[in-house]
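**Student:** Please work out how this folds:
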Amino acid sequence: MKSKLDTRGFEKDESGVPLSSNGIFWSLSHKPGYVAGVVSRQKVGIDIEKLKYISDPVFKRIVDPAEFLHFMNQDKMLVFFRVFTAKEAVLKNAGIGFKGLSKVKIHTVVDNYHLIVHYLDQKYQVENFYFDGYIASVTKDNVGIEWNFR
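**Tutor:** Next up, the predicted model:
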């Protein structure tokens, strides 16, 4: 464990939102075969998803036409999962959960690894990490990110 933090005291509130512990914020996401976690002295959020086919109706529910224009010449499946995981990471950072999804919007595509996401008058930096047919996104908010794949 790179952070050398003792995670045994990490708790959630009654809604399942992670609570900070001794000034440390944390977020988890999991899929079969992988668990992604992030800890920080600032609020954080992370999401992980397996890249797979997505139907047009599902795509349109998550990625609106204005957002799609930001992703020039990128594969539609990859765009979907960059957007979905980024929005989910921001909502976890904000402690809101999935119910706020329609209010989260892609503001800027910086490059293939970085996005700026807008939610409730605040901009969040999001970094994407690609591995083994998966994508993970984490909020960055002025925090250096060090990916540690095991």
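**Student:** Run through the helices of the protein in chain order.
**Tutor:** 56-62, 65-68, 76-94 (DSSP state H).
**Student:** deepest of the ones you listed, which one?
**Tutor:** Of all these, helix 76-94 carries the top mean neighbour count, a mean of 23, counting by mean count of other Cβ atoms under 10 Å. C-betas here are computed from N, CA, C, even on glycine.
**Student:** That one packs against which elements?
**Tutor:** Applying 3 or more Cβ pairs under 8 Å, 6 or more residues apart in numbering; DSSP states H and E, we find helix 76-94 packed against strand 25-31, strand 46-50, helix 56-62, strand 114-119, strand 122-131, strand 134-139.
**Student:** again, 6 Å this time
**Tutor:** Applying 3 or more Cβ pairs under 6 Å, 6 or more residues apart in numbering; DSSP states H and E, one finds that helix 76-94 contacts strand 46-50, helix 56-62, strand 114-119, strand 122-131, strand 134-139.
**Student:** With distance to Pro18 and mean pLDDT added, can I get these in a markdown table?
**Tutor:** Below are the helices and strands packed on helix 76-94 laid out as a markdown table (distance: least, Cβ to Cβ, whole Å; pLDDT from 0 to 100):
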| stretch | distance to Pro18 | mean pLDDT |
| --- | --- | --- |
| strand 46-50 | 11 | 95 |
| helix 56-62 | 23 | 95 |
| strand 114-119 | 18 | 94 |
| strand 122-131 | 17 | 93 |
| strand 134-139 | 13 | 94 |
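**Student:** Alpha carbons of stretch 21-36, in PDB - could you do that?
**Tutor:** Only the C-alpha atoms of stretch 21-36 are listed here, as PDB (Å, rounded to 0.1, in the frame of the first residue of the first chain):
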ATOM      1  CA  SER A  21     -11.200   9.600   8.700                       C
ATOM      2  CA  ASN A  22      -8.600  11.800  10.400                       C
ATOM      3  CA  GLY A  23      -8.700  14.200   7.500                       C
ATOM      4  CA  ILE A  24      -8.300  11.500   4.900                       C
ATOM      5  CA  PHE A  25     -10.900  11.100   2.100                       C
ATOM      6  CA  TRP A  26     -11.400   7.900   0.200                       C
ATOM      7  CA  SER A  27     -13.400   6.400  -2.600                       C
ATOM      8  CA  LEU A  28     -13.800   2.800  -4.000                       C
ATOM      9  CA  SER A  29     -15.100   1.200  -7.100                       C
ATOM     10  CA  HIS A  30     -15.200  -2.400  -8.100                       C
ATOM     11  CA  LYS A  31     -15.900  -4.800 -11.000                       C
ATOM     12  CA  PRO A  32     -15.400  -8.500 -11.200                       C
ATOM     13  CA  GLY A  33     -11.600  -9.000 -11.000                       C
ATOM     14  CA  TYR A  34     -10.700  -5.400 -10.100                       C
ATOM     15  CA  VAL A  35     -11.000  -3.000  -7.200                       C
ATOM     16  CA  ALA A  36     -10.000   0.700  -7.600                       C
END
